[in-house]
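J.: Got a predicted structure plus its sequence, pasted below:
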2 protein chains.
Amino acid sequence: MKNFNFSNKTEIIFGRGSERKLGKKTKAFSNKILLHYGGGSIKKYGVYDKVVDSLKESGVEFIELGGVKPNPRLSLVKEGIDICRKKDINFILAVGGGSVIDSAKAIAAGVSYDGDVWDFFDGKARPKEVLNIGVVLTIPAAGSETSAGTVVTKEEGWYKQSFGTDELRPKFAILNPETTFTLPPYQTAAGAVDIIAHVMERYFTKVSNVDLTDRLCEATLKTMIKNVPIVLENSEDYDARAEIMWAGTIAHNGLLGTGRIGDWASHNIEHELSAIYDVAHGAGLAVIFPAWMQYVYKQDINRFAQFATRVFGVEYDFNDPERTVIEGIRRLKSFFKSIGMPVTLEELGVEDNRFEEMATKCIEIYGDGLGSFMKLDKEDIIKIYELAK
Amino acid sequence: MKNFNFSNKTEIIFGRGSERKLGKKTKAFSNKILLHYGGGSIKKYGVYDKVVDSLKESGVEFIELGGVKPNPRLSLVKEGIDICRKKDINFILAVGGGSVIDSAKAIAAGVSYDGDVWDFFDGKARPKEVLNIGVVLTIPAAGSETSAGTVVTKEEGWYKQSFGTDELRPKFAILNPETTFTLPPYQTAAGAVDIIAHVMERYFTKVSNVDLTDRLCEATLKTMIKNVPIVLENSEDYDARAEIMWAGTIAHNGLLGTGRIGDWASHNIEHELSAIYDVAHGAGLAVIFPAWMQYVYKQDINRFAQFATRVFGVEYDFNDPERTVIEGIRRLKSFFKSIGMPVTLEELGVEDNRFEEMATKCIEIYGDGLGSFMKLDKEDIIKIYELAK
C-alpha cells in the first residue's frame, strides 16, 4: 500500500425529496448564484421547477446559464466566467450530470484568474481561488458531484482535457434517485459503464497489498452488475436506481484509489474518441476498456484472474489461469452488450482511418508512456484501437 | 435504502513517516494546543518524541495532559476542560487510540459549555461550540479518528455513555501503520474485534435493498479476517498492519451505515460489561456479539445466511438455511478464538451474579427496546448475557 492523503468534504444529501433542501443549503453560501444546466430534460421532467421553487423559497437570486452539451465546451465555460464577473456571482449551482458539473467547475476556477482558463487544462497554471459549487445530480455516471476533477473540450482542434484540485470538490451534492427514472436506457447504460470504468481504472494497479481497496472496488462493481439490468427492465425501480447513484459517487470520490496508483489509459484513449466523434463517454469506454484489458493483461495474470473470479464468479482455472482471465474479459464484454452498449468501434460508427491521429493526440496531451499499469506508447495505443475495431 | 446525509470532513494522512506532517497540520489551526495522551507506550516506543519534535519544529506551543485510561474517565475530561480554559487553548491533539481521542472530544465539547460536560452524555444538552481536534492514531480499533462520537465513563456509579455530533469529527488524522507494530497481540486482536463489530452493527439491519453497503461491509470484514492472523504471526508486517488500520477507519467513518439503520445493541450490552469489570471493549464484544447473533438471528434468516456465505464462505444450505446461519456464527466465534479473544464471559472473568444489574443499567441508559434489528427488553438482555456465559 502506498502512502496517501484522503479527504472528501462534499456533503451528500441523498434520497427521495432531497432537492427540497437545496434552497437552504445554497443560501448558507450565497444569496446570488449562477444556475448552470444543460438541455431541456431538467425542464421537461420537473427538476428545474423544483430547483427554482426551492431557491425562491429561500430567497436566493439566480442568473441562468443553460446549454451545456455532453463533452462540455470551453466557449460556454468562458461565457459563464464572464457572467460571474459582471454580475459579481460567487457560487455556482450545477443541475445535471457530469458535463454540467465539469463546466461549473471550470467556470468556478476561471472567474478570479486573469489568463485563459484553458491554461489550467494545459497544465500551465493552477487556480488560486475557486468559487464554491453546489450540485443537484440527475445522471449517475461521471462522479463529478464529489470528485476533484473536471473535463472540458476545447472546440478549436477538439481537445478534450482535464485537470483537478481539491478545491473543485462541490460543497454539497443533492442526489435523488427519482430524478434518474426518466433517463433513457442508452444513457443509463453509458453512465453505468463510466462508473464501472472509474472503479476498474483504480483496480488495475501495479501496487501490491491493496487488499481492502481491492475488495471495496469489487463490491462496487458487483453492485453495478446486479442493479443495471434491473433498472433497464424497470426504469422506476427506486432501490436499484439508488444503488447505482450511490455507487457512482463512491466509484469516483477518491476512496477506492487510496493507497494505489490508478491507470487511466482507457479513459485517455477514449477521450480522443469522444473529442473527435462526440460519442457518449460511457459508450466509448465500453469499447476501449475490454480492448485495453486484452492488450495488457499479461502484465499481471493474477490481478486479472482475481477480477474474473471475484467480480464475475469465473471459476479459477488452476491449470491455466490465463483462461480465467480471458473468460473474465469475455464476461465483461458480454455484460456491456447485455445492457445495450457497443463493444466495437464499428458499432460506434468509428472507422479505422484516424487511429494514428487519435494516438498522436493522446501522446501529445498525456505524454509518452500513457497509463501506469502498463506504459503505452503511440504504437500500443494504435494496437488497442485495432483490437477495438 | 433510507434517505441519508453523509459527510466526513476529516483529512486522512496515511502511511510511513506521516507523523512528520503533524507540526504543519497543527499550526494551520493553532499555535497553542493541549497535547493529550494515555500511558507510557507512546513514550516507550518513540511516538511521543516524534510528535514533540514535529510540533517544536513548527513552533507550536503545547501543554500536556497524559494519563488517559482505557474506558476514559470523566474526571480527566474535566481536568482537560479546566486546563484549556485557564490556558486559553483552542485546539486539542490526541495521540493514542480511541480512549484518548474520545477523551479529547469530550474536552473539546466541554470547554465553552457552562454546565457539566456530562449533560451531553446524558442527552440534557447539545454542545454549541466544539474546539478543533487533531489525531495521531496508534491503535486501530475505535474508529474515533474520524467518527462523530465519543464514549466516556463516569466513575460515580460507573456509567459508560456516549454522544455524537458532526462537529466532534477531528480535522485531521495521521495514521502511520508502523506505530502499531508494537501493539501486543491481545490489544491488536481486541482492536480488530471492535472494528469487526462496528461493521456488523451496521450490517445487521432491517432495512432492505442495501446492496452496495452490504458489499462494502463484507469487503471490510473479509479484509480483517485475512489480515489479523498475519499481524499476529508477524507483528511488523507493514502491509497487513496498513490494511487493518485503514479498515478501522472505514468501518466507523459513517460510509458503511449510509442508507441503513444500525443496531448497536451489542455495543450497548458490552458497555455495561466494561463499565463494571473494566475489560477491554473488543474482548467484551467478542463475547457479546456472537451471543446476540444467536439470540436474534431468527428475525431474518436470509441476512444471517448472506453473512455466513459471503463473509465466511459457508456453502449455502438450500434445504436448511438455518444451518448456514449457525455455521456462520460458529465460524465467527472460531475466528475470535483463533486470534486469542475470549468467547465466553467466564474467560473474561465475569460471573453470572450481576446480569440483572447490568441489564437494568442498559435499559436505564438506552431506554427499553435496545437495538434496532430486534428491540430488546431487560429480559432479552439477561438472556443474551446467559448465552454468553
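T.: That came through fine.
J.: any idea where the helices of the stretch 151-300 of chain A begin and end?
T.: Taking DSSP state H, counting those that start in this stretch as the criterion, the stretch 151-300 of chain A carries its helices at A:185-203, A:211-233, A:238-250, A:265-277, A:281-296.
J.: Can you add distance to chain B and give these back as JSON lines?
T.: Placement of C-beta: from N, CA and C, glycine included. Shown next, in JSON lines, are those (distance: least, Cβ to the nearest Cβ, whole Å):
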{"stretch": "helix A:185-203", "distance to chain B": "11"}
{"stretch": "helix A:211-233", "distance to chain B": "3"}
{"stretch": "helix A:238-250", "distance to chain B": "4"}
{"stretch": "helix A:265-277", "distance to chain B": "23"}
{"stretch": "helix A:281-296", "distance to chain B": "19"}
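J.: now the ones you listed as TSV including mean neighbour count and mean pLDDT?
T.: Shown next, in TSV, are the helices of the stretch 151-300 of chain A (neighbours: other Cβ atoms under 10 Å in any protein chain shown; pLDDT from 0 to 100):
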stretch	mean neighbour count	mean pLDDT
helix A:185-203	25	98
helix A:211-233	22	98
helix A:238-250	26	98
helix A:265-277	24	91
helix A:281-296	26	97
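J.: which residue sits closest to the residue nearest the centre of chain A, ignoring its sequence neighbours?
T.: What sits nearest the mean C-alpha location of chain A, by Cα atoms, centre = their mean, is residue A:142, with 2.3 Å. The shortest distance from residue A:142 to any non-neighbouring residue, by Cβ to Cβ, 6 or more residues apart in numbering or on different chains, is to residue A:98 (2.4 Å).
J.: from memory that neighbour sits against residue A:141, does it?
T.: Yes: Residue A:98 is within contact range of residue A:141, at 5.5 Å (criterion: Cβ atoms under 8 Å).
J.: Now for those two: what residues contact both?
T.: Counting by Cβ atoms under 8 Å, 6 or more residues apart in numbering or on different chains, the shared contacts of residue A:98 and residue A:141 are A:194, A:281.
J.: longest single strand anywhere in chain A?
T.: When chain A is parsed with DSSP state E, its longest strand is strand A:4-14.
J.: So is that strand next to chain B?
T.: Yes: Strand A:4-14 reaches chain B (Cβ under 8 Å from any Cβ of the partner chain) through A:4-14.
J.: what's the closest of the residues you listed to residue B:170?
T.: residue A:7 (11.2 Å; Cβ to Cβ).
J.: can you tell me which residues contact that closest one?
T.: A:166, B:9-12.
J.: Next one: it relative to residue A:372, how far apart?
T.: For residue A:7, the distance to residue A:372 equals 23 Å [Cβ to Cβ, to the nearest Å].
J.: Kindly report the same for residue A:313.
T.: Distance from residue A:313 to residue A:372, by Cβ to Cβ: 28 Å.
J.: between the two, which one's more packed in?
T.: Neighbours per residue (other Cβ atoms under 10 Å in any protein chain shown) separate residue A:313 from residue A:372, with residue A:372 holding more: 18 against 11.
J.: Does that one lie in a helix or a strand, and which?
T.: Counting by DSSP states H and E, no helix or strand carries residue A:372.
J.: And for residue A:63?
T.: Applying DSSP H and E, one finds residue A:63 within strand A:61-65.
J.: List the single closest residue to residue A:56 in space, sequence neighbours excluded.
T.: Going by Cβ to Cβ, 6+ apart, residue A:56 has residue A:23 as its nearest residue, at 7.5 Å.
J.: which of the residues in the longest strand of chain A are buried?
T.: Neighbour-count burial for strand A:4-14, counted by 16 or more other Cβ atoms under 10 Å in any protein chain shown, picks out A:4, A:6-14.
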